[in-house]
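*Asks:* generate a structure from the sequence data that follows.
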Amino acid sequence: MNFDNICKLLAENFSSDFATWLLGEPITLTELSPKELSLEPIRADALILLQSEQSILHLEFQTQVDAEIPFRMIDYRLRVYRRFPHKAMHQVVIYLKQTNSDLVQQNTFIIAGTRHEFSVIRLWEQPTELFLRTPGLLPFAVLSSTIDREAVLKQVAREINRMTESINQSNIAASTAILAGLVLDKEVIRRVLRSDIMRESVIYQDILEEGKAEALLEVASNLFNTGMPLEQIARLTGLSIEQLLYLQVTKSGESK
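*Replies:* Numbers count the residues shown, from 1 in each chain. Down below sits the predicted model:
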């Protein structure tokens, strides 16, 4: 799973948490398939569409800046309008990793005679407390505005350990581990989060189902010990960088 899929998993399984954050009310949202809008030609794999009877929430999570974002926003908006002309649409681009690029400030598509606006959230500017209130937002807390990300990760870990539903607990822990990899060293993540919980997650199971985890992890670990860059290990093993980081964290407890 990559970062897009992690965010999609969270948004679809904790839609009321996202609605509370982004729409201001804890309404239940259901998935809207991009296929209903004929969106396949335009990077529909990263598209998250959630809907209620009255509105549609369109989310784009970005780890890298993309000059095409404004065009994608207006294109998605018009396609949704064609299918659901009476539904309000809320479009939000959420940047996960801090950057100085001016592109993360763009919230408007403009050509002669046409102007379209959408919302932009830069997680590193958001208050940490916002993401500690509901389970579905916990994985984003470490990416928020804080000077001590390790302390925030520990706080998130305490909240995860208090959860009573094991499936939600494991999925939140796994999502936290992957997203924390954007800003924290894997050794810190390994020390703070419980690997036994993460190994129960659907994220870990998805990696296992690909038939790559057990054999290739050993190969990847040996390559990692040689000092080979993760990008090169990913090319050699076929594992994604996110999978490599996550598997290193989850497997660490087995050797202790």
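*Asks:* now do the helices in the stretch 151-256 of the chain.
*Replies:* For the stretch 151-256 of the chain, the helices defined by DSSP state H, counting those that start in this stretch cover 166-180, 186-192, 195-198, 202-209, 213-225, 230-237, 241-251.
*Asks:* ok, Ala173 - how many residues close by?
*Replies:* By the criterion of other C-beta atoms under 10 Å, Ala173 has 28 neighbours. Yep, even glycine has a C-beta here, placed from its N, CA and C like the rest.
*Asks:* check contacts around it.
*Replies:* Neighbouring residues of Ala173 by C-beta atoms under 8 Å, 6 or more residues apart in numbering: Ala157, Ile160, Leu193, Arg194, Ile197, Met198, Ser201.
*Asks:* packing partners of the stretch of helix or strand Leu78 belongs to?
*Replies:* If you go by DSSP states H and E, Leu78 is part of helix 69-83. If you count contacts as 3 or more C-beta pairs under 8 Å, 6 or more residues apart in numbering; DSSP states H and E, helix 69-83 packs onto strand 55-62, strand 88-95, strand 108-111, strand 114-117.
*Asks:* please identify the deepest-packed of those.
*Replies:* Among these, ranked by average contacts under mean count of other C-beta atoms under 10 Å, first place goes to strand 55-62 (a mean of 21).
*Asks:* for that strand, packing partners?
*Replies:* Using 3+ C-beta pairs under 8 Å, 6+ apart: strand 55-62 touches helix 3-13, helix 15-23, strand 48-51, helix 69-83, strand 88-95.
*Asks:* parallel or antiparallel, list what pairs with the third one.
*Replies:* Here strand 48-51 has these sheet partners by DSSP bridges: strand 30-31 (antiparallel), strand 55-62 (antiparallel).
*Asks:* thinking again about what came up before, turn the helices and strands packed on strand 55-62 into TSV, columns for mean pLDDT and distance to Val188.
*Replies:* Shown next, in TSV, are the helices and strands packed on strand 55-62 (pLDDT from 0 to 100; distance: least, C-beta to C-beta, whole Å):
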stretch	mean pLDDT	distance to Val188
helix 3-13	86	18
helix 15-23	95	25
strand 48-51	91	29
helix 69-83	93	31
strand 88-95	96	22
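*Asks:* need these in JSON lines with distance to Lys35, can you?
*Replies:* What follows is these, written out as JSON lines (distance: least, C-beta to C-beta, whole Å):
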{"stretch": "helix 3-13", "distance to Lys35": "15"}
{"stretch": "helix 15-23", "distance to Lys35": "19"}
{"stretch": "strand 48-51", "distance to Lys35": "11"}
{"stretch": "helix 69-83", "distance to Lys35": "11"}
{"stretch": "strand 88-95", "distance to Lys35": "18"}
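*Asks:* of these, which is nearest His58?
*Replies:* strand 88-95 (4.5 Å; C-beta to C-beta).
*Asks:* what's that closest one packed up against?
*Replies:* Applying 3+ C-beta pairs under 8 Å, 6+ apart, one finds that strand 88-95 contacts helix 15-23, strand 55-62, helix 69-83, strand 119-122.
*Asks:* most packed of the ones you listed?
*Replies:* By mean count of other C-beta under 10 Å, the helices and strands packed on strand 88-95 have strand 55-62 as the most buried, with a mean of 21.
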